[in-house]
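In: structure for this input, please:
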Amino acid sequence: MKKYIKVMFFILIPILILCSCIDINNTNNEDVNNMEKPLFPFQNIDSKWGYMDIEGNIVIKPQYESASFFKDNKAVVTIESIFSYKYGYINKNGDIVVPIIYDWAAPYSDGLYFVRKKKNPQANHSGETWIYMTDNNEIVLQLTDKDFYLVWPGNAGLSYVAKDAAPGSWGCIDITGNYIIEPQYSGLGNLSDGLMWFRNVGGRDSYFGFINKENEIVIPEMYEAPGNFSEGIVKCPPCQDIFLKN
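Out: Numbering: from 1, shown residues only. Have a look, this model is predicted:
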């Protein structure tokens, strides 16, 4: 049976190396338990997705149309619906922790689920609702297409929102729904080490720069693709230039 299973084996070797380098004495019990049970999505000959452990044992039987990697013991899975796919979340025991009834779901992040529901699954940007929920499925923030044209989940409790479809409509809100950056950019995203990339309207619109949460430009637009900061260093294509944040 195993010979028919398609697995992303290229991920297994790096994980084995990583696990061998971790100092167990410097981790808590929860971390150790998570390391002892990494699960990997796989697809069987019937094109259904499930999860196996690092030894190739099936832990969650194939039953989903797609399956993401686990993050903090949560994974996004999909099932087939009449017009499209429905999204929800499961844990490593295979328990459904968020019902598989939504039209899209983002990876679990910062202790919150983010889902999107549409009145008409076949329509774009019509009758949409975006919801942040806690582990208890309590709604923290709910937005509709009357609030925004588009909502995209970020990290650190931030979301990137477009007020309408026009250029320069992107801004950033916090988990209470309040703006921290008013709509003015043609694109925003990926807060990392206190900075997020931006694209301006007009001028060098195809280039990216970096601002902080106070909307101050730290690095002007000069990159053809966005990158992320880590420990004060950013590496951006195409030239892989490295800048130190002052």
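
In: could you chop the chain up by domain?
Out: 1-67, 70-134, 148-246 (automatic domain parsing).

In: ok, which of those domains comes nearest Leu141?
Out: Smallest distance to Leu141 across these (CB to CB): 4.4 Å, for domain 70-134. Using the backbone N, CA and C atoms, a C-beta is placed for each residue, glycine as well.

In: between the two ends of that closest one, what distance do you get?
Out: One end of domain 70-134 to the other measures 17 Å (CA to CA, to the nearest Å).

In: over to stretch 87-96?
Out: End-to-end for stretch 87-96, by CA to CA: 11 Å.

In: may I see the domains of the chain arranged in JSON lines, with mean pLDDT and mean neighbour count as well?
Out: JSON lines is the format used below for the domains of the chain (pLDDT from 0 to 100; neighbours: other CB atoms under 10 Å):
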{"stretch": "domain 1-67", "mean pLDDT": "68", "mean neighbour count": "13"}
{"stretch": "domain 70-134", "mean pLDDT": "91", "mean neighbour count": "17"}
{"stretch": "domain 148-246", "mean pLDDT": "80", "mean neighbour count": "16"}
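
In: state the distance from the residue nearest the centre of the chain to Gly168.
Out: Per CA atoms, centre = their mean, the C-alpha nearest to the average position across the chain is that of Pro107, at 4.3 Å. Distance of Pro107 to Gly168, computed by CB to CB, to the nearest Å: 28 Å.

In: I'd say Gly171 and Gln184 touch.
Out: Yes: using CB atoms under 8 Å, Gly171 is in contact with Gln184, at 6.6 Å.

In: bridged to the nearest residue to Thr144 once chain neighbours are set aside, which residues?
Out: Spatial nearest neighbour of Thr144, chain neighbours left out: Thr129 (5.1 Å); criterion: CB to CB, 6 or more residues apart in numbering. Beta-bridge pairing of Thr129, defined through DSSP bridges, involves Lys117, Thr144.

In: the one 4 residues further on now?
Out: Note on Met133: beta-bridge partners by DSSP bridges are Tyr113, Ile139.

In: tell me the contacts of it?
Out: 98, 112-115, 139-140 (CB atoms under 8 Å, 6 or more residues apart in numbering).

In: the residue nearest to Thr144 contacts Leu141, doesn't it?
Out: No: contact between Thr129 and Leu141 fails when scored by CB under 8 Å: they sit 11.0 Å apart.
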